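In: Need the 3D shape of this:
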Amino acid sequence: MPPVAVVSPPPVDSPRWHDDTAEPAAVALDAGFWDRFGSTLLPRLVADAVRENPSVEAARARVLRARASAGLARAALLPSVAANAGLTQTRTDGFNTSQYTSSAGQAGLDIAYDVDLFGGLRAGRRAALSRVDAAQFDSGAARLVVASETARTFVSIAAVDDRLRLNARLLDNARSFARIVAVRRREGTAAEVDERLQAVEVGRLEARRAELTQSRETLVGALAVLLGREAPSFSLAPTALSTLVAPAIDPGQPGDLVFRRPDVLAAEARIAGANGDVRAARAAFLPSLKLSANSLGQALATSGPFGLTLSAAQSLFAPIFQGGRLRAGYAGARADQMEALAQYRQKLLDALQEGNAALAAARGSAERERALRGAAADSRRAVALARLRYENGGGDLALVLDAERSEIAVEETLLDAQALRCTAAIDVYKALGGSPL
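Out: Numbering: from 1, shown residues only. Have a look, this model is predicted:
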């Protein structure tokens, strides 16, 4: 007889995050997280995606399938009852006698019940119920992924919209300055090369606009897929990254992930299911008892007598030689159990790493954004001074072009930082398991 083998999920040893310094306005995760971004559209998009996304619908279907399997496991604990009925007609032709026809009807009832002496059927039912829990947590994980990806895509679209606005402003400035250079050339105070170089700068900004427009169309199409809609007929009005506010989140303790992350909870439920399979495989080594009863009623249709026969039986089955099948089944269940434990450990390690990385990204993006805001203001001032100096004849065009390119780089880097701060907040939300299920 193999030993009883039950495994448990390992605990989290880390008492705190690598840097758990929370901002003063940090709040715990709740159902209103998406409202804190300051956009009325974002919560609606997330809700639509969670409701309509095909991947989420498939996850819901897997929950129904797991519940059906659990129903089969539960049915094995209940008696089975079957009814049967039949009608027989007999015709007899004798020599020099009249013909004789008789009819007989019969009905029967069979009842069978497997007595779960050693808990094998109950262990199978518990394993099936644990898999229902795992499927439900997997469904929650699918909703969390879809909600996070929808929000990230929305932020990316907002960032592209802001880049398009920046591009429009820079392009207007470049065209205006190109007209100034053209006037100076006609006056003989500027060379043709200056006019050509500024025209190149205008062309580069126009090409950038086309690139950003294409990028937006691609992102809007990706958002349509997340929402479960057809990309050709889906559109989204321009939005603004500058209007979004990245909410500060109180991360709590690392150990909270085992109660919050749906993928970790699903892995834990699979350990419970594997434990049930091991118990069921162990119970297969022990005797099983089956009870059965049947009744048979029969009567002649031609006013014949009615007969009723009742019978009951019980059988005890004890496995003696199964050619190694039972031990192989137990060994397979134990292997699945150890795999479930290893997968849980991997899920937990991944979750802790994602949480630590997301919190670090949130802190770093906030500091980066603050630093770049000052740099962007300085770059805009530098461009204005360089152009003024050139217009007054005290500088060359190369200085202006360098200042303009520096401004573009700093401004786009600032937009990157603003977008990263919002996506970092989304990643923290996802890494910590989202709002309570």
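In: pretty sure Ala333 is touching Gly276, no?
Out: No. Contact criterion C-beta atoms under 8 Å: Ala333 and Gly276 do not qualify, at 9.2 Å. Using the backbone N, CA and C atoms, a C-beta is placed for each residue, glycine as well.
In: The two - which one has more neighbours?
Out: For Ala333 versus Gly276, the count of surrounding residues by other C-beta atoms under 10 Å is larger for Gly276: 26 against 22.
In: element containing the more buried one?
Out: Gly276 belongs to helix 262-283 when assigned by DSSP states H and E.
In: Could you give the number of residues near the nearest residue to Ala28 once chain neighbours are set aside?
Out: Distances taken as C-beta to C-beta, 6 or more residues apart in numbering place Asp250 nearest to Ala28, at 5.1 Å, with adjacent residues excluded. Other residues within reach of Asp250, judged by other C-beta under 10 Å, total 14.
In: Over to Arg175?
Out: Neighbours of Arg175 (other C-beta under 10 Å): 15.
In: contacting residues for it?
Out: Residues near Arg175 by C-beta atoms under 8 Å, 6 or more residues apart in numbering: Val202.
In: how big is the angle separating the strand or helix carrying it from helix 262-283?
Out: Assigned by DSSP H and E, Arg175 belongs to helix 120-187. Angle of helix 120-187 versus helix 262-283, following axes from the mean of the first three to the mean of the last three C-alpha atoms, to 10 degrees, is 160 degrees.
In: tell me the mean pLDDT for helix 120-187?
Out: Helix 120-187 comes out with an average pLDDT of 89.
In: That one: what's the following helix or strand?
Out: Sequence-wise, the next helix or strand downstream of helix 120-187 (DSSP H and E) is helix 192-226.
In: And the helix holding Gly276, what does it pack against?
Out: When contacts are defined as 3 or more C-beta pairs under 8 Å, 6 or more residues apart in numbering; DSSP states H and E, helix 262-283 sits against helix 120-187, helix 257-260, helix 325-391.
In: so how far is whatever helix or strand comes next after the last one from its chain's centroid?
Out: In this case it means helix 325-391. Next helix or strand after helix 325-391 toward the C-terminus (DSSP H and E): helix 397-431. Chain-centre distance of helix 397-431: 29 Å, with C-alpha atoms, centre = their mean, to the nearest Å.
In: between helix 397-431 and helix 325-391, how many degrees?
Out: Angular relation of helix 397-431 and helix 325-391 on a 0 to 180 degree scale: 150 degrees, by the same axes, to 10 degrees.
In: Can you list the helices and strands that helix 397-431 packs against?
Out: In terms of contacts (3+ C-beta pairs under 8 Å, 6+ apart), helix 397-431 is packed against helix 120-187, helix 192-226, helix 325-391.
In: what's the most buried one of those helices?
Out: Each of the helices and strands packed on helix 397-431 was scored by mean neighbour count; the highest is helix 120-187, a mean of 20, by mean count of other C-beta atoms under 10 Å.
In: Pro15 is nearest to which of the helices and strands packed on helix 262-283?
Out: Of all these, it is helix 325-391 that lies closest to Pro15, at 12.1 Å by C-beta to C-beta.
In: Look up phi and psi at Ala240.
Out: Dihedral angles of Ala240 (phi, psi; degrees, to the nearest 10) stand at phi -130, psi 120.
In: Could you verify my assumption that it touches Val160?
Out: No. Using C-beta under 8 Å, Ala240 makes no contact with Val160, being 11.0 Å away.
In: Got phi/psi on the residue nearest to Ala28?
Out: phi -80, psi 110.
In: Roughly how far does it sit from Leu432?
Out: Computed as C-beta to C-beta, to the nearest Å, the Asp250 to Leu432 distance reads 9 Å.
In: re earlier: using CSV, lay out the helices and strands packed on helix 262-283 together with distance to Arg282.
Out: Compiled in CSV, the helices and strands packed on helix 262-283 are given as follows (distance: least, C-beta to C-beta, whole Å):
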stretch, distance to Arg282
helix 120-187, 8
helix 257-260, 28
helix 325-391, 6
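In: Those helices: which one's closest to Val6?
Out: Val6 lies closest to helix 325-391 among the helices and strands packed on helix 262-283, at 8.5 Å (C-beta to C-beta).
In: pLDDT below threshold where in this protein?
Out: In the prediction, the chain carries residues with pLDDT under 70 at positions 1, 19-26, 76-118, 288-323, 394-395, 436-437.
In: so who does the residue nearest the centre of it touch?
Out: Note on the chain: the residue nearest the mean C-alpha position is Ala142, at 2.2 Å, using C-alpha atoms, centre = their mean. Applying C-beta under 8 Å, 6+ apart, we find Ala142 in contact with 53, 55-56, 58-59.
In: Just the residues you listed: which are in helices?
Out: By the criterion of DSSP state H, membership of the contacts of Ala142 in helices covers 55-56, 58-59.
In: what about burial for the contacts of Ala142, which qualify?
Out: Burial by neighbour count, 16 or more other C-beta atoms under 10 Å: within these this picks out 53, 55-56, 59.
In: which among the residues you listed gets closest to Asn167?
Out: Among the buried ones among the contacts of Ala142, Asn53 lies closest to Asn167 (C-beta to C-beta), at 32.3 Å.
In: Touching, that closest one and Leu227? I think so.
Out: Yes. Assessed by C-beta under 8 Å, Asn53 is found in contact with Leu227 at 7.1 Å.
In: what residues are shared contacts of those two?
Out: By C-beta under 8 Å, 6+ apart, no residue touches both Asn53 and Leu227.
In: And for Val258, the neighbour number?
Out: Val258 has 20 neighbours, counted by other C-beta under 10 Å.
In: Likewise for Arg60?
Out: A total of 15 residues lie near Arg60 under the criterion other C-beta under 10 Å.
In: from here on, count from 26
Out: From this message on, residue numbering opens at 26, which makes the last subject Arg85.
In: what's the spacing between the nearest residue to it once chain neighbours are set aside and Gly57?
Out: Nearest non-adjacent residue to Arg85, counting by C-beta to C-beta, 6+ apart: Ser164, 5.8 Å away. Remark: distance between Ser164 and Gly57 (C-beta to C-beta) = 22 Å.
In: Then Ser267?
Out: Ser267 is 22 Å from Gly57, by C-beta to C-beta.
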